[in-house]
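> Dropping the sequence and predicted coords here.
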Amino acid sequence: MTRALIEWYARAARDLPWRDPETTPWAVLVSEFMLQQTQVDRVLPRWAAWVERWPTPSALAIDEPGEAVRVWDRLGYPRRALWLHRAAVEIADRHGDRVPADIDELLALTGIGPYTARAVAVFAFGERHPVVDTNTRRVLARAVHGRAAAGMPAAADLDDMAALLPEDRAGAAAVNAAAMELGAVVCTARAPRCGECPIARWCEWRGAGYPDNAPAKRPRQARFAGSDRQARGRIMALLRRSEGAVAVERALEAAADGGVGDPEQPRRAYDSLVADGLLVEREGSARLP
DNA sequence: AATTCGGGGTT
DNA sequence: AACCCAGAATT
């Protein structure tokens, strides 16, 4: 099955720029930050702009965090831009401007968790580790465990993936990438294209006749329209397009504009941005950090 | 273990 | 309108 995965990946993988062997570990790390909960098509242009402007961690580190937030644009979860800037400072300070290849050193960086640490170690440095993202978890759930969908993330996911990896580093990296790619383009959440799947013959879920046995999923995400998150987003959009600072009143109005009328929502959104360090208030005006 | 955090594309 | 997305930090 892993051999089929590797062959399929070599033949059918999308030609994504961060997969180019010439891509630096820093640029790979940037791609992984941006790809957290964000689709490839939306990341492509932002990634290109980012790595051109900041080709090294130190280039970003000496710039203002707010500039990172600005270039991040509408990728969502703007805290990631702040965390990526923070990670750049940490890499410049603690690692001599070189992205570490060690899992624990990567995990110690701001904004890097279990997935991103292993993804960087494997895809940027060719280390041998299991890499498990949401795509991989779905592929494992179906092909190995015969389930329609993955359950909650668990430490066992890493063991499942590790069990599939060949001994050699290059092969292990290829299987990691192939499992992710398969989940992204073939073994999709809604309508899997089993007719195009290279491992359909081994798939336990398919073999069992596609039982409707999906485990309990995470609680439904609250609606975005009218949410505090949307109000935060409106303030962030205003700050991004404002050259310098804006009056606090303007920021609160932006939060309320199009809102659901909750009189406390603008202040709640504003304060949470301050708490996150995405908004700095000084002398009655608000600006990016 | 449960919440919070964006915003856009797909069904 | 609900679902889904190369997750991580916080509580």
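Yep, it's here. Just so it is clear, the model here is predicted, and its values are computed rather than measured. Residues are numbered from 1 along each chain as shown, chains lettered A, B, ... in the order given.
> and the residue of chain A found nearest DNA strand C, what does it touch?
Ranked by Cβ to the nearest atom of the strand, the top residue of chain A for proximity to DNA strand C is A:Gly113, at 2.5 Å. Bear in mind the C-beta positions are built from the backbone N, C-alpha and C, glycine included. A:Gly113 makes contact with A:Leu107 under the criterion Cβ atoms under 8 Å, 6 or more residues apart in numbering.
> how close does the residue in chain A that DNA strand B sits nearest to sit to A:Ala150?
With Cβ to the nearest atom of the strand, the shortest gap between chain A and DNA strand B falls at A:Gly233, namely 1.6 Å. For A:Gly233, the distance to A:Ala150 (Cβ to Cβ, to the nearest Å) stands at 29 Å.
> and these two? which has more neighbours close in?
Under the criterion of other Cβ atoms under 10 Å, the comparison of A:Gly233 against A:Ala150 puts A:Ala150 first, with 24 against 18.
> Go ahead and confirm that one touches A:Val144.
No. Because the distance of 10.7 Å does not satisfy Cβ atoms under 8 Å, A:Ala150 is recorded as not touching A:Val144.
> Where does the residue of chain A closest to DNA strand B sit: helix, strand or coil?
Using DSSP: H, G, I helix; E, B strand; the rest coil, the structure places A:Gly233 in helix.
> Just the CA coordinates for stretch A:45-58, please, in CSV.
Taking Å, rounded to 0.1, in the frame of the first residue of the first chain, the C-alpha atoms of stretch A:45-58 are listed here in CSV:
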residue,chain,number,x,y,z
PRO,A,45,-0.1,34.3,-3.5
ARG,A,46,0.5,35.3,0.2
TRP,A,47,3.3,32.9,0.5
ALA,A,48,5.1,34.2,-2.6
ALA,A,49,4.8,37.8,-1.4
TRP,A,50,6.0,36.9,2.1
VAL,A,51,9.1,34.9,1.2
GLU,A,52,10.1,37.5,-1.4
ARG,A,53,9.9,40.3,1.1
TRP,A,54,11.4,38.3,4.0
PRO,A,55,13.7,35.6,2.6
THR,A,56,15.2,34.9,6.0
PRO,A,57,14.0,34.8,9.6
SER,A,58,16.2,37.8,10.5
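> all helices of the stretch 1-150 of chain A, in order?
If DSSP state H, counting those that start in this stretch is used as the criterion, the helices of the stretch 1-150 of chain A fall at A:2-12, A:25-35, A:40-53, A:57-61, A:65-72, A:79-94, A:103-107, A:114-123, A:134-139.
> List the contacts of A:Ala200.
Residues touching A:Ala200, when contacts are defined by Cβ under 8 Å, 6+ apart, comprise A:194, A:206.
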